[in-house]
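Enquirer: Sequence and predicted structure below; questions after.
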Amino acid sequence: MKIGYAAILVAATAVLEASVADARPVSYPGGATVMQKNNGFHSSIHAHYSPTFQDSIGLYSERNWAEDWHFTGVQYNRLVKRWNEKDSQANLYFKGGIGQADAFGEGGVDFASFAGVAADWETRRWFTSYEARAYDLGFDQTVRHAARIGVAPYIGDFGDLHTWLMLQVENQPDSETPTTLTPLVLFFYDVQLVEIGYTPETERFMANWIVRF
Amino acid sequence: MKKTSSILAAAAAFAFASPVAVAQTEPADMAQSDTTMLTVNVKGMVCDFCARAVTKVFGKNDAVENVHVDLDNGEIHVGLKQGASLTDDEVESLVKKSGYAMVSVEREVS
């Protein structure tokens, strides 16, 4: 794994993220978004602005306790392709970031970057997504995959409270518990999205939220 | 009885007078109520974030008075300001700018 594996993934811009939230790394023209994720092993915050519906740029910071590193930098997201169908939508995204990383203060600060691809497909009833992201932290390289499948127990109209039941599988090969399965419930109302889950393998709760302006 | 007759006479006068009054204001009303309602059929609009994007993008256009999104039918209902207009190409451009694909647009003028 390490450099070879990570380099391939970076070259392939492999990343897929796993949530309705992450599946929306771009907003409408002029829209801004703040998203925060925490699963007990890594916590991140991402704030971005979208000049067009295909692009967003912002700040990203992630603290990873599973692998003992902290990244802070600038992130760019690009909607590479969207498939609009009558009752569904599918998307392919590129995500990339540059900044600095440190191993929790050990060994100083290194130039760091990440890249990945994300894809999702959703209807008003079903949702599925996958993301892979590769990091070059300077002092280490790592990769992470995540996939989700979800179902909406009821179909709400615009402005209603929307609820999704989801199952996430995440793979972080370098961590102590490489693969985890997290059932979660997602609430989506107005401009706010909140999701709460629990990972039995790690006995940790997941809590994510998004606000779009 | 006299009072009742007076009331009936007044009511009759009002009833006959009313159409004349309406007829006099009709041309002005017609000019002021020359508004267009668009029903835009769209593909790919499956969630609230999508609907919000559409309302934001259409809402910023000077010709648009109000926007309503019907996710069930994949439709955007756009009320234009009095005397304002949007061509089909302009509507399609706004839909694309929102990130979606236009199928058709219907117009209703009132």
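Expert: Received it, and whenever you're ready, just let me know what you need.
Enquirer: can you confirm residue A:177 is in a strand?
Expert: No - checked against DSSP: H, G, I helix; E, B strand; the rest coil, residue A:177 lies outside a strand; its state is coil.
Enquirer: measure it to chain B for me?
Expert: 32 Å (C-beta to the nearest C-beta, to the nearest Å). Where you see a C-beta, it was placed from the backbone N, CA and C, and this is true even at glycine.
Enquirer: Might one say that that residue is in contact with residue A:202?
Expert: Yes - Residue A:177 is within contact range of residue A:202, at 5.4 Å (criterion: C-beta atoms under 8 Å).
Enquirer: neighbour-wise, which of the two wins?
Expert: residue A:202 (17 against 14; other C-beta atoms under 10 Å in any protein chain shown).
Enquirer: Can you show me the helices along the chain?
Expert: All of this is about chain A. Assigned by DSSP state H, the helices in chain A fall at A:2-11.
Enquirer: try chain B instead
Expert: Using DSSP H, the helices found in chain B span residues B:2-32, B:48-59, B:88-98.
Enquirer: mean pLDDT for these: which is lowest?
Expert: Sorting these by mean pLDDT places helix B:2-32 lowest, at a mean of 41.
Enquirer: Okay, and the beta partners of the spatially closest residue to residue A:78 that is not a sequence neighbour?
Expert: Excluding its sequence neighbours, the residue lying closest to residue A:78 (C-beta to C-beta, 6 or more residues apart in numbering or on different chains) is residue A:94, at 4.5 Å. For residue A:94, the beta-bridge partners under DSSP bridges are residue A:78, residue A:117.
Enquirer: And residue A:94, how close does it get to residue A:56?
Expert: As judged by C-beta to C-beta, to the nearest Å, residue A:94 and residue A:56 stand 11 Å apart.
Enquirer: Mind listing the shared neighbours of these two?
Expert: Taking C-beta atoms under 8 Å, 6 or more residues apart in numbering or on different chains as the criterion, residue A:94 and residue A:56 both touch residue A:77.
Enquirer: Which one's more surrounded, these two?
Expert: Set residue A:94 next to residue A:56 and count neighbours by other C-beta under 10 Å: residue A:56 wins out with 26 against 17.
Enquirer: measure that one to residue B:101 for me?
Expert: With C-beta to C-beta as the criterion, residue A:56 and residue B:101 are 21 Å apart.
Enquirer: cool, residue A:175 as well?
Expert: Distance of residue A:175 to residue B:101, given as C-beta to C-beta: 41 Å.
Enquirer: With residue A:187 instead?
Expert: Distance of residue A:187 to residue B:101, given as C-beta to C-beta: 29 Å.
Enquirer: ok, those two, which is more surrounded?
Expert: Ranked by neighbour count (other C-beta under 10 Å), residue A:187 and residue B:101 place residue B:101 first, with 19 against 14.
Enquirer: List the contacts of whichever residue of chain B sits closest to chain A.
Expert: Closest approach of chain B to chain A (C-beta to the nearest C-beta) occurs at residue B:44, with a separation of 2.7 Å. Shown in contact with residue B:44 (C-beta under 8 Å, 6+ apart): A:82-85, A:88-89, B:50, B:99-101.
Enquirer: bridging residues for the closest residue to it other than its chain neighbours?
Expert: Among residues not flanking residue B:44 along the chain, residue A:84 sits closest, at 2.7 Å (C-beta to C-beta, 6+ apart). Beta bridges link residue A:84 to residue A:89, judged by DSSP bridges.
Enquirer: And for whatever residue of chain A ends up closest to chain B, the neighbour number?
Expert: Closest residue of chain A to chain B, C-beta to the nearest C-beta: residue A:84 (2.7 Å). A count of neighbours around residue A:84, defined by other C-beta under 10 Å, yields 21.
Enquirer: Ok, the one 4 residues further on next?
Expert: By the other C-beta under 10 Å criterion, the neighbourhood of residue A:88 contains 16 residues.
Enquirer: Please report phi then psi for it.
Expert: phi -150, psi 170 (degrees, to the nearest 10).
Enquirer: Thought residue B:50 was touching it, still the case?
Expert: No - contact status for residue A:88 versus residue B:50: not in contact, 11.4 Å apart, counting by C-beta under 8 Å.
Enquirer: Does residue B:67 touch residue B:55 like I think?
Expert: Yes - using C-beta under 8 Å, residue B:67 is in contact with residue B:55, at 4.7 Å.
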